[in-house]
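Chemist: Have a look at this fold, sequence not included:
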């Protein structure tokens, strides 16, 4: 098993998959504006990898989650972490142990994860005698299984996937309000996630990120991913040959790089998963 890697305040505390099957990493970076004012990073990101089935050789499913706390909310940095932690914990608890979940089950698991995130924030606000608005945050979650993918989203940010042999695609359009920088939050009254699932689909590359990075790698005109960025990123990951620590540190360097920071003052979060398709096919032969 690959050990957990500590990056700043970020700890991936969940099971990691075999290096020959998936490369799964995440990182975040404090925005220039928050660093200048002494505010904490309001983004949070983490990943979860779970086996299914009781066979001797088990395929793994990958779960990625990112959240972006609202800049106007005093405790949104707590809200983003609460949302991600509670969502991943719920998915871990609800994950079927006997067989690969179908799209209907995946959607139900995702909906429960979003509900858990909202409930966790509500409980924290009640305990502290404040409002949920103080913990306002977006939330994006993706689950990739052997032959399918399910995603859910409240707010801006983006989920980009690539199916084997196809182009990169944004699965859910970012949720925006009437005005610039206005979006939806988990804590909004009556908020509900946009959830979708695809069966008979082999996703080999996936990236989740908050809106700080979205504005740099998603075309404003047509909403399509900037393929050269993702091609370069995933090729570099593949060249690390399963070195999880090298990839984790590399993602952090990418987000902290002055060239990246010069294009945005916002916090940045990125979670990626890259499947070794050949290894996966060999395991099922």
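Modeler: That came in fine, so what should we check first? Everything numeric in this text was worked out from a predicted model, so none of it was measured.

Chemist: Check which helices and strands the helix or strand residue 89 falls within sits against.
Modeler: Assigned by DSSP states H and E, residue 89 belongs to helix 76-94. In terms of contacts (3 or more C-beta pairs under 8 Å, 6 or more residues apart in numbering; DSSP states H and E), helix 76-94 is packed against strand 43-51, strand 60-68, helix 103-127, strand 139-145. Using the backbone N, CA and C atoms, a C-beta is placed for each residue, glycine as well.

Chemist: Now with 6 Å, please.
Modeler: strand 43-51, strand 60-68, helix 103-127 (3 or more C-beta pairs under 6 Å, 6 or more residues apart in numbering; DSSP states H and E).

Chemist: Give me the buried stretch members for that helix, please.
Modeler: By neighbour count on 16 or more other C-beta atoms under 10 Å, the buried set for helix 76-94 is 76-91.

Chemist: Identify the bridge partners of the residue nearest in space to the middle of the chain.
Modeler: The centre of the chain sits closest to residue 65, judged by C-alpha atoms, centre = their mean, with a distance of 3.0 Å. Assessed by DSSP bridges, residue 65 has beta-bridge partners residue 46, residue 141.

Chemist: I'd like the distance between it and residue 196.
Modeler: 16 Å (C-beta to C-beta, to the nearest Å).

Chemist: Residue 42 now?
Modeler: Residue 42 sits 27 Å away from residue 196, going by C-beta to C-beta.

Chemist: With neighbour numbers in mind, choose between the two.
Modeler: Of the pair residue 42 and residue 196, residue 42 is the one with more neighbours under other C-beta atoms under 10 Å, namely 28 against 17.

Chemist: so who does the more buried one touch?
Modeler: Going by C-beta atoms under 6 Å, 6 or more residues apart in numbering, residue 42 touches 69, 76, 77, 267.

Chemist: again with residue 118
Modeler: Listed by C-beta under 6 Å, 6+ apart, the contact set of residue 118 reads residue 186.

Chemist: let's see it at 10 Å
Modeler: 82-83, 86-87, 132, 139, 154, 185-188, 191-193 (C-beta atoms under 10 Å, 6 or more residues apart in numbering).

Chemist: Tell me the one of the residues you listed nearest residue 166?
Modeler: Of all the contacts of residue 118, residue 193 has the smallest distance to residue 166: 24.7 Å, by C-beta to C-beta.

Chemist: what's the burial count for the closest one?
Modeler: 25.

Chemist: wait, it sits on residue 185?
Modeler: No - Residue 193 lies out of contact with residue 185 (C-beta atoms under 10 Å); the separation is 11.4 Å.

Chemist: shared neighbours of the two, which are they?
Modeler: Common contacts of residue 193 and residue 185 (C-beta under 10 Å, 6+ apart): 118, 139, 154, 155, 175.

Chemist: for the stretch 101-250 of the chain, what spans make up the helices?
Modeler: 103-127, 211-217, 227-239, 244-256 (DSSP state H, counting those that start in this stretch).

Chemist: ok, residue 80 to residue 222 distance?
Modeler: Taken as C-beta to C-beta, the span from residue 80 to residue 222 is 29 Å.

Chemist: I misspoke; the intended subject was residue 104.
Modeler: Residue 104 sits 32 Å away from residue 222, taking C-beta to C-beta as the criterion.

Chemist: cool, and residue 118?
Modeler: 32 Å.

Chemist: And for residue 161?
Modeler: Counting by C-beta to C-beta - residue 161 and residue 222 are separated by 17 Å.

Chemist: Touching, residue 145 and residue 101? I think so.
Modeler: Yes - counting by C-beta under 10 Å, residue 145 touches residue 101, with 6.8 Å between them.

Chemist: Same drill for those two, tell me which one is more crowded.
Modeler: residue 145 (24 against 21).
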